[in-house]
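Colleague: kindly return the folded structure for what I paste below:
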Amino acid sequence: MNPRDNPARGLRLRPADLPGGLRTPPLALYIHTPWCLRKCPYCDFNSHPAGVAPPFADYVARLLADLEQDLCEPAAGRPLTSIFIGGGTPSLFPGTAIQRLLDGVRARTAVAPDCEITLEANPGAADAARFGAYRQAGVNRLSIGVQSLDAGMLARLGRIHDPAAARAAIGAARAAGIDNLNLDLMFALPQQTLAQAAADLAALIELAPAHISYYQLTLEPDTPFHRAPPPLPDGDLAADMAAAGRARLGEAGYSQYEVSAYAGPGRQCRHNLNYWRFGDYLGIGAGAHGKLTDPRSGTIRRTAKWERPALYLASPPAALCSSTRDLSDADRVFEFALNALRLTAGFERGLFTARTGLPWSRIEPLVAAALADGLLAVTADRILPTELGRAFTDDLVTRFLGDDDPDQGRGTVAGQHAG
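Modeller: Got it, this is the predicted structure:
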């Protein structure tokens, strides 16, 4: 595709700046559990081997104290639209601990009646009896880290489960009454062929989850795989796997709504949509990140908690933040684009001003340049990435990186899990 062959080229965006400014977005809650049975060699999340007896009860108590500290203005009185319990491996926690945790959240703040409550589970640490307890506690969505249904690939990835354990976990979740399931699957695995990737995805689709996170294995810094890289498919083969996967998922009725997220009708992950639409979220737990908007002061503040579980547990509740910073205008432009342009449907123009407090004129020249190069398109009042833009998301987002701000590049999708 020629970058200039853009059906939206030549469209004039309506020039006037939008009225109003920064508005209060929806509020979500991310809860980080830092322990897993064994650290995977590709994982760069804040996770640590659990050892013999993780302090589950103490950790839940500290999470709730952490939440109390965060529920000051401008978070006070705002209902939670979603809760995501990530890790690590949250499914290591007994059902009684998750019950205390969610009861404690509900006792401290308003929770929307239709709140989406997701818990991540590792098939190798998924006691079937726990799923019923999680459901009773209020969990209504599970994200299960299948990663592959090929025993050889799982061994190469250092996973502690096999395909039978993955299928058993899915069956146990459904038996517990949780049918809103996300299954993670990776491609471009060590020595994987195009046919093997296709077979792996076909096997996952046969399990008929509500949602599939289909993403490429990448070598993250400071991981064993980065220090001693395994033989991975080259870039062209990985791109072929991604394209074939998108086509197969579409044929199976899964709509791609984000770079690596595919959902059946009405099953998009609301928690992750809030991230990508630059919404607000509290982040509690070791290493959790948060983002809060205060329309009265005009600030958007990012926070991060101490990463090491021992330090997080030992710190006074009022001293759990390892960093706090207010986003500059340049930060807001870049971080909004970093998130919103991951969505295949893009964003409505009014969302930019509502979530950043900046006039459309601040971003209009950057959008116009990307339009001219075929990376973005305009449909009515919506800005969305083209097929070319989706293929080169990093290049597209980099166009919104300000040269005048030394702090640029630090914003992420909250540094949390997505799935």
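
Colleague: give me the number of neighbouring residues for the closest residue to Ala263 other than its chain neighbours.
Modeller: Distances taken as C-beta to C-beta, 6 or more residues apart in numbering place His211 nearest to Ala263, at 4.8 Å, with adjacent residues excluded. Just so you know, the C-beta spots here come from the backbone N, C-alpha and C atoms, and that holds for glycine as well. His211 has 23 neighbours, counted by other C-beta atoms under 10 Å.

Colleague: I'd say His211 and Gly266 touch.
Modeller: No. Counting by C-beta atoms under 8 Å, His211 stays clear of Gly266, with 10.5 Å between them.

Colleague: after the longest helix anywhere in the chain, next one along is what?
Modeller: Secondary structure of the chain per DSSP state H: the longest helix is helix 235-251. Moving toward the C-terminus from helix 235-251, the next helix or strand (DSSP states H and E) is strand 255-258.

Colleague: list the helices and strands that next one packs on?
Modeller: Strand 255-258 sits against helix 235-251, strand 261-263, helix 270-276, with contacts defined as 3 or more C-beta pairs under 8 Å, 6 or more residues apart in numbering; DSSP states H and E.

Colleague: thinking again about what came up before, list the buried residues for the longest helix of the chain?
Modeller: 237-238, 240-242, 244-245, 248-249 (16 or more other C-beta atoms under 10 Å).

Colleague: same check, this time on stretch 92-99
Modeller: Buried, per 16+ other C-beta under 10 Å, within stretch 92-99: 92-95, 97-99.

Colleague: any chance of JSON lines for those, columns distance to Leu351 and secondary structure?
Modeller: Below are these laid out as JSON lines (distance: C-beta to C-beta, whole Å; DSSP: H, G, I helix; E, B strand; the rest coil):
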{"residue": "Leu92", "distance to Leu351": "38", "secondary structure": "helix"}
{"residue": "Phe93", "distance to Leu351": "36", "secondary structure": "coil"}
{"residue": "Pro94", "distance to Leu351": "41", "secondary structure": "coil"}
{"residue": "Gly95", "distance to Leu351": "39", "secondary structure": "helix"}
{"residue": "Ala97", "distance to Leu351": "37", "secondary structure": "helix"}
{"residue": "Ile98", "distance to Leu351": "34", "secondary structure": "helix"}
{"residue": "Gln99", "distance to Leu351": "37", "secondary structure": "helix"}
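
Colleague: picking that back up, Trp306: which of the helices and strands packed on strand 255-258 is closest?
Modeller: helix 270-276 (21.9 Å; C-beta to C-beta).

Colleague: what lies in contact with the helix or strand just after that closest one?
Modeller: Towards the C-terminus, the helix or strand next in line after helix 270-276, according to DSSP H and E, is strand 280-284. Outside strand 280-284, the residues within contact range by C-beta atoms under 8 Å, 6 or more residues apart in numbering are 24-32, 63, 66-67, 70-71, 75, 78, 274-275, 289-293, 303-305, 414, 416.

Colleague: give me the nearest residue to Leu157, chain neighbours excluded.
Modeller: Gln147 (6.0 Å).

Colleague: does that neighbour touch Ala155 like I think?
Modeller: No. Assessed by C-beta under 8 Å, Gln147 is found out of contact with Ala155, at 11.4 Å.

Colleague: so which residues of the stretch 101-250 of the chain form strands?
Modeller: Assigned by DSSP state E, counting those that start in this stretch, the strands in the stretch 101-250 of the chain fall at 111-121, 141-147, 181-187, 211-216.

Colleague: and among those, the most buried is which?
Modeller: strand 141-147 (a mean of 27; mean count of other C-beta atoms under 10 Å).
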